[in-house]
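S.K.: following is a predicted model, sequence given first.
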Amino acid sequence: MTIKLWTSPLSYNSLRPELVLAEKGIDDFEIVPTNIMTGEHKTPEFWEKSIFGRVPLIEDGDVVLFESRAIARYLAQKYLNTGPRLLPAANDAKTNGTFWMWMILEIEEFNVHAVPIIAETIVAPAVGRSVDQAVLDRHRPRLTNCLEALDKALLKMDYLGGDEYSLIDINYMPTMYVLTKCMNLFEGRSNLSKWWNSVSGRDAWKKVIKPLDDAYASAAPDW
Ligand SMILES: N[C@@H](CCC(=O)N[C@@H](CS)C(=O)NCC(=O)O)C(=O)O
């Protein structure tokens, strides 16, 4: 049975599973385009599958998953031996502990501040909502702290979880890319800049980013 992936070209979260599939060279799946601007993801059929009514969502036989990082993890496991491994060795406690430490940091220290900044800088002008400056004032210093910490960490490793490109880099990349449209991330952060040039130079990234770029170019002013 063909995998079905509900996504929207405007959904940067959807890039995580799409990037895993591209890295693994898997083309045999069906994209179900979902217009989140007109509420196509709020149909009863979709709510039945996704408790928050959000994309991305995957259906693979009897497996139905939402949350982009969980879907990306599922696909990385399913196609473990195809293309880059993306996951740590399953039976090694130290490697696994380190992997999950870096994995959680992306959600707890980066994404949590990056998303509100994107919402105010990109989404608000695109939907004609006024910008909430207090949100920017609250999250910008915390995101800056995180970027400084990542830049420092990348002195000692090539990727954001160790010396190999992995699911952790994939989890950072979509949000990091949209953030580059909101602020200067790399000035004075040469390690972070080197990392970004490396991961965004990958063929898989170039493949998945094009539809999102096109969609935002017509939806968001100053993209
Ligand atoms: N934590 C979720 C976030 C999902 C999410 O916010 N999806 C957005 C698109 S990027 C969405 O469906 N927005 C429409 C809505 O919330 O109604 C994930 O990573 O999958």
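M.R.: Yep, that arrived.
S.K.: just checking, what packs against the lengthiest helix in the chain?
M.R.: Longest helix of the chain, by residue count under DSSP state H: helix 133-153. If you count contacts as 3 or more Cβ pairs under 8 Å, 6 or more residues apart in numbering; DSSP states H and E, helix 133-153 packs onto helix 112-118, helix 190-200. Yep, even glycine has a C-beta here, placed from its N, CA and C like the rest.
S.K.: buried residues in that helix?
M.R.: Buried residues in helix 133-153, counted by 16 or more other Cβ atoms under 10 Å: 136, 139-140, 142-143, 146-147, 150-151, 153.
S.K.: measure how that helix sits relative to helix 190-200, angle-wise.
M.R.: 90 degrees (axes from the mean of the first three to the mean of the last three Cα atoms, to 10 degrees).
S.K.: show the subsequent helix or strand relative to helix 133-153.
M.R.: Using DSSP states H and E, the helix or strand that directly follows helix 133-153 along the chain is helix 167-180.
S.K.: that following helix and the ligand in contact?
M.R.: No. Legend: contact between helix 167-180 and the ligand by Cβ under 6 Å from any ligand atom is lacking; minimum distance shown is 8.6 Å.
S.K.: chain center to that helix: distance?
M.R.: Mean-position distance between helix 167-180 and its chain equals 5 Å (Cα atoms, centre = their mean, to the nearest Å).
S.K.: name the residues that touch the longest helix of the chain?
M.R.: Outside of helix 133-153, the residues within contact range by Cβ atoms under 8 Å, 6 or more residues apart in numbering are 109-110, 113-114, 116-117, 119-121, 160, 179, 183, 185, 189-192.
S.K.: could I get the helix-or-strand element of the chain with minimal mean pLDDT in PDB with only the CA atoms?
M.R.: Lowest by mean pLDDT, DSSP states H and E among the helices and strands of the chain is helix 44-49, with a mean of 86. Output of helix 44-49 as PDB, limited to C-alpha atoms (Å, rounded to 0.1, in the frame of the first residue of the first chain):
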ATOM      1  CA  PRO A  44     -14.200  15.700   9.700                       C
ATOM      2  CA  GLU A  45     -12.200  13.100   7.800                       C
ATOM      3  CA  PHE A  46      -9.000  14.800   8.600                       C
ATOM      4  CA  TRP A  47      -9.900  15.500  12.300                       C
ATOM      5  CA  GLU A  48     -10.600  11.800  12.600                       C
ATOM      6  CA  LYS A  49      -6.900  11.100  11.800                       C
END
